[in-house]
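Asks: my questions are about this predicted structure, shown below with the sequence.
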Protein chains: 2
Amino acid sequence: MTGKVNVGLIGYGTVGKGTAEVLINNRLTILENTGVNVSLKMVADLAIDKSNLDELLSEVEVVTNNASDVINDPEIDIVVELIGGYTHAKDFIIEALNNKKHVVSANKALFAMHGTEIFQAADFNGVNVLFEGAVAGGIPILRVLKEDLAANNIKEIFGIINGTANYILTRMEKEGKEFKDVLHVAQDKGYAEADPTFDIEGIDTAHKIALLASIGFNTLIPFEKIYVEGITNIKQIDIEFAKKLDCKIKLLAIAKKHEDDIEVRVHPTMVPDIELMAQVDGVFNAVEIIGDMVDKTMHYGRGAGGKPTGSAVVGDVISIAKDIASGCTKRTPILGFTREYTYYYPIKDIKDIQSAFYLRFSVVDEPGTMATIAGILAKYGISISEAMQTDERDPGEAVNMVFMTHKTVGRMLHAALEEIDNSDVIRDQTVAIRVKELV
Amino acid sequence: MTGKVNVGLIGYGTVGKGTAEVLINNRLTILENTGVNVSLKMVADLAIDKSNLDELLSEVEVVTNNASDVINDPEIDIVVELIGGYTHAKDFIIEALNNKKHVVSANKALFAMHGTEIFQAADFNGVNVLFEGAVAGGIPILRVLKEDLAANNIKEIFGIINGTANYILTRMEKEGKEFKDVLHVAQDKGYAEADPTFDIEGIDTAHKIALLASIGFNTLIPFEKIYVEGITNIKQIDIEFAKKLDCKIKLLAIAKKHEDDIEVRVHPTMVPDIELMAQVDGVFNAVEIIGDMVDKTMHYGRGAGGKPTGSAVVGDVISIAKDIASGCTKRTPILGFTREYTYYYPIKDIKDIQSAFYLRFSVVDEPGTMATIAGILAKYGISISEAMQTDERDPGEAVNMVFMTHKTVGRMLHAALEEIDNSDVIRDQTVAIRVKELV
């Protein structure tokens, strides 16, 4: 098995550069590991100054400002799309697929929102589309679900899949600072973008769990059905209480498969310290998968960055290159399941999902306050596993009272909190954070 | 892509049963995920009573006491060898390969010791041989190295890859018991075999790191060159000192690639608590891989057991079944590198390897003892980063004095300890445990 496969790259930002670096600097390694000569033939980016190429680009045969040059070059076998966003990226990908080129991308937003159209175009044209780099950066996770764990019924997938949010939460925990202050540090260090909305509001995490859940549960997740809650309301005081409860607050993506429906949700979560997931700090990501046969596995590594994501992108390029060289295409269905066996499960409303909760009440420090709150919780069938109160207080000042509940349905908690927040004892809106049960 | 692929299974012990369970109970799942109908056609085991089949076996078309029935059945495409051991297993595998059947196995000892012969027979016959289940049970790790991380130069692989040894060390740590007592518990619970030699002496761990290092570094590891030290000499007192030093003692397999040579070794290791690896407890396994592009990734899960290992074995069966159905074979080289690019690196002698060390001296509690020891260490260029002594002591009794050293070459430490152990101040042989540097 030998052969030559030509790659064309569209988009020369952080991940584009990382991908070029992997393809160029490790070209011999790739040949050694596969027997295939994978060549980066062309790089396209609007912003490249052709009269002043960097060291990497000067090793590429053709450098262009026009994506069409890549898409229409008959010698290019694989088009790598790394410009991100929806509009142009989607047009380029569909056009490349229609030109019978295989596509590799790391565009989670596009695949989570418009995946179906892209997958159909690939199927129709008999070519492949892979996007390992779209989820959890360099960590092999999509191929693990599609191939290594293909003998399992996947029951649950959860994890920390946004490095920016995890970096912010980790620094809040280690340094005792508030969200806003840490966000600014993260922006200064380049770990958060100027507009950090997608990362801190959980949207990026939701894009990724949509892809993981689709592949794991053999279904297509309508993105708008995912419950998404970001980390912008996390306060230092909740992180301090979490410490006392031997927990960390993490932005978790959670997908669970039940008999007749599925859960897909993103929210800050109290993760007990004894879970490995609680120890995943900083910009690192981790995904835990629970299969009926393998039980639990965890996959950890860098969730972003040019070279780690480039490693995943080139892993996909290699997979397609080996298919081309060994004369088989689409050996594995794009999403890891065949079209005939695509399931359409209802997605559970967040209010119907059971969780244990951390509740922090800002209350007037008067006799009977705890009785009032506990009474309302009891009325809604919510039982308490642990209660805690801040020590220092000035007379008449609001104090924090923390309750950990047993599992309760979201709907009941919502109703109970509405009643509690309208009562006389409450000074500020109650904070509710879900608690990860041990698996 | 549709097709039918017939599987024949030799060996119906724990992993054999787990594999049969995955193939039979998840047959529809496998079809859904691949489009291929994978059928367990035949099971062979000397011990099966054909007049009294269990529920699983009664669903298998042919049950036999004769492995040759599987190997010679022209309808069988993939032979799964799960009897373990060297002699018969090797004969069966070579015969199956010569009959142009693909082979899947979980036999780490055989592949670590006689892999070359098997790989050559597979190459010669144009068929594939996979053994994901041989290393780290259900955790996808070999395919991750061969495919997902194929764009990387692998620099280091290390991990906890023997569940029995890790279970014993974890219980020693949690319960304060000595090695022998915990071993008996492990045997009673079925976590250690009646003859636990391979597990507690590190031999099983060495078999597995040999396979990981071969795949990661594109080389063939001569098994006898691996330094192997088991956990039978680990004392409770060393575990207690480890706690004070914020470390856990773990049986680590470590493989490192240098410019011109490699390290492959197995020994008890002090792992700092802040490393995720230190939190891998009980029968769980974890492997950390460091690649030049992806940086570090960690892969965690159940390292043994029928169903988890069965998940990995059937993952291999699925991989070959997809190759057959899509008309390509040997899309990926058996060890993840091509024959033309097989490297032969010298393996570093353990005495030439640099490590930081934990040293526990059993000494006479007299003035000048520490000066004597520190003086001899200094003579050999060994510098100390931390020193500690047990509190309670009776006059004239031996006391424990612990030194943590900076990095030093094994040869120097060996010489220093020989001189120290021959001095008057020492009561008992000095304990030396390597310390994992932070990566």
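Replies: Great, that's in hand.
Asks: show me what the top helix by length along chain A is packed up against.
Replies: Ordering each helix of chain A by length in residues (DSSP state H) puts helix A:306-325 first. The helices and strands touching helix A:306-325, judged by 3 or more Cβ pairs under 8 Å, 6 or more residues apart in numbering or on different chains; DSSP states H and E, are strand A:3-10, helix A:14-25, helix A:27-34, strand A:36-44, strand A:78-81, strand A:102-105, strand A:129-130. Every C-beta, even on glycine, is put in place using the N, C-alpha and C of the backbone.
Asks: okay, the angle between it and strand A:36-44?
Replies: Here the directions of helix A:306-325 and strand A:36-44 differ by 120 degrees (axes from the mean of the first three to the mean of the last three Cα atoms, to 10 degrees).
Asks: now do helix A:306-325, average pLDDT.
Replies: For helix A:306-325, mean pLDDT is 97.
Asks: pull the distance from it to the chain's centre.
Replies: Computed by Cα atoms, centre = their mean, to the nearest Å, the separation of helix A:306-325 from the middle of its chain amounts to 20 Å.
Asks: repeat for stretch A:400-411
Replies: Using Cα atoms, centre = their mean, the offset of stretch A:400-411 from its chain centre is 26 Å.
Asks: and it, what's buried?
Replies: For stretch A:400-411, a neighbour-count test (16 or more other Cβ atoms under 10 Å in any protein chain shown) marks A:400-405, A:408-410 as buried.
Asks: for these, give me JSON lines that also has secondary structure and distance to chain B.
Replies: Output for the buried residues of stretch A:400-411, formatted as JSON lines (DSSP: H, G, I helix; E, B strand; the rest coil; distance: Cβ to the nearest Cβ, whole Å):
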{"residue": "A:Asn400", "secondary structure": "strand", "distance to chain B": "30"}
{"residue": "A:Met401", "secondary structure": "strand", "distance to chain B": "32"}
{"residue": "A:Val402", "secondary structure": "strand", "distance to chain B": "26"}
{"residue": "A:Phe403", "secondary structure": "strand", "distance to chain B": "29"}
{"residue": "A:Met404", "secondary structure": "strand", "distance to chain B": "23"}
{"residue": "A:Thr405", "secondary structure": "strand", "distance to chain B": "27"}
{"residue": "A:Thr408", "secondary structure": "strand", "distance to chain B": "30"}
{"residue": "A:Val409", "secondary structure": "strand", "distance to chain B": "30"}
{"residue": "A:Gly410", "secondary structure": "helix", "distance to chain B": "30"}
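Asks: of all pairs in those, which one is the farthest apart?
Replies: The largest separation in the buried residues of stretch A:400-411, counting by Cβ to Cβ, is between A:Asn400 and A:Val409 at 25.2 Å.
Asks: ok so A:Ile231 is a helix residue?
Replies: No. Counting by DSSP: H, G, I helix; E, B strand; the rest coil, A:Ile231 is located in no helix; its state is coil.
Asks: test my guess that it contacts A:Tyr167.
Replies: No. Counting by Cβ atoms under 8 Å, A:Ile231 stays clear of A:Tyr167, with 10.8 Å between them.
Asks: got the buried residues of stretch A:400-411 as JSON lines, with distance to B:Val43 columns?
Replies: Shown next, in JSON lines, are the buried residues of stretch A:400-411 (distance: Cβ to Cβ, whole Å):
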{"residue": "A:Asn400", "distance to B:Val43": "62"}
{"residue": "A:Met401", "distance to B:Val43": "62"}
{"residue": "A:Val402", "distance to B:Val43": "57"}
{"residue": "A:Phe403", "distance to B:Val43": "55"}
{"residue": "A:Met404", "distance to B:Val43": "50"}
{"residue": "A:Thr405", "distance to B:Val43": "50"}
{"residue": "A:Thr408", "distance to B:Val43": "48"}
{"residue": "A:Val409", "distance to B:Val43": "46"}
{"residue": "A:Gly410", "distance to B:Val43": "48"}
